[in-house]
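Undergrad: Only the shape, not the letters, is given here:
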């Protein structure tokens, strides 16, 4: 969406990404919507295109720069099981150096997100609605609008309640088997990673 003023509801309302013109959708005198064209192999425009708008498809006004990015691809999430408000690390294939509107989505709920490194994101699993399934799809967005994911899922679980551990101490050389007794001790393939 583009916010401004004096937009006119006409067939000539348009946007230009570099040298490629697309039709704009009039929403109000202050808002229009444009669909970015496919970034082609031709040298029509670069990955950073000048974005312009026009009410008459001739006189264009520069409104900013539109940046094309690779489709983000999640390669791993950890942990993949946990209670609400768990900090979940997502490894992504795309570079995250320029991201401004990073967001995560667990099922249909948006989540807080931050960039940890050029290929790592941390999201906090939101509080789950009672009507939702406990196993939800995890997706990311680099612009706050378009969400992508590779069918990685997060399994909500109750917080574990620990009754006892035995033994409570062992030798410095390790290798002592420790038994934990409690409730909601869900198995996760992430344990030990």
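TA: Cool, the structure landed. Just so you know, these numbers come straight off a predicted model, no measurement behind them.
Undergrad: Am I right that residue 118 is in contact with residue 93?
TA: No: using C-beta atoms under 8 Å, residue 118 is not in contact with residue 93; the gap is 11.0 Å. Bear in mind the C-beta positions are built from the backbone N, C-alpha and C, glycine included.
Undergrad: For the residue nearest the centre of the chain, list each beta-bridge partner.
TA: Note on the chain: the residue nearest the mean C-alpha position is residue 140, at 1.8 Å, using C-alpha atoms, centre = their mean. On the basis of DSSP bridges, residue 140 is bridged to residue 104, residue 148.
Undergrad: Do I have it right that it meets residue 104?
TA: Yes: Residue 140 sits in contact with residue 104 when judged by C-beta under 8 Å, with a separation of 5.5 Å.
Undergrad: Mutual contacts of the two, please.
TA: 90, 113, 121, 123 (C-beta atoms under 8 Å, 6 or more residues apart in numbering).
Undergrad: how about the residues you listed in JSON lines, adding distance to residue 163, pLDDT and neighbour count?
TA: Listed next are these as JSON lines, based on distance: C-beta to C-beta, whole Å; pLDDT from 0 to 100; neighbours: other C-beta atoms under 10 Å:
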{"residue": "90", "distance to residue 163": "33", "pLDDT": "91", "neighbour count": "23"}
{"residue": "113", "distance to residue 163": "35", "pLDDT": "89", "neighbour count": "20"}
{"residue": "121", "distance to residue 163": "35", "pLDDT": "92", "neighbour count": "24"}
{"residue": "123", "distance to residue 163": "31", "pLDDT": "93", "neighbour count": "25"}
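Undergrad: Tell me which two of those residues sit farthest apart.
TA: 90 and 113 (8.5 Å; C-beta to C-beta).
Undergrad: any idea which strand is longest in this structure?
TA: strand 20-28 (DSSP state E).
Undergrad: Tell me what the closest residue to residue 35 other than its chain neighbours is bridged to.
TA: Using C-beta to C-beta, 6 or more residues apart in numbering and skipping the chain neighbours, the partner closest in space to residue 35 is residue 22 (5.8 Å). Per DSSP bridges, the residues bridged to residue 22 are residue 15.
Undergrad: so how far is residue 57 from residue 22?
TA: 11 Å (C-beta to C-beta, to the nearest Å).
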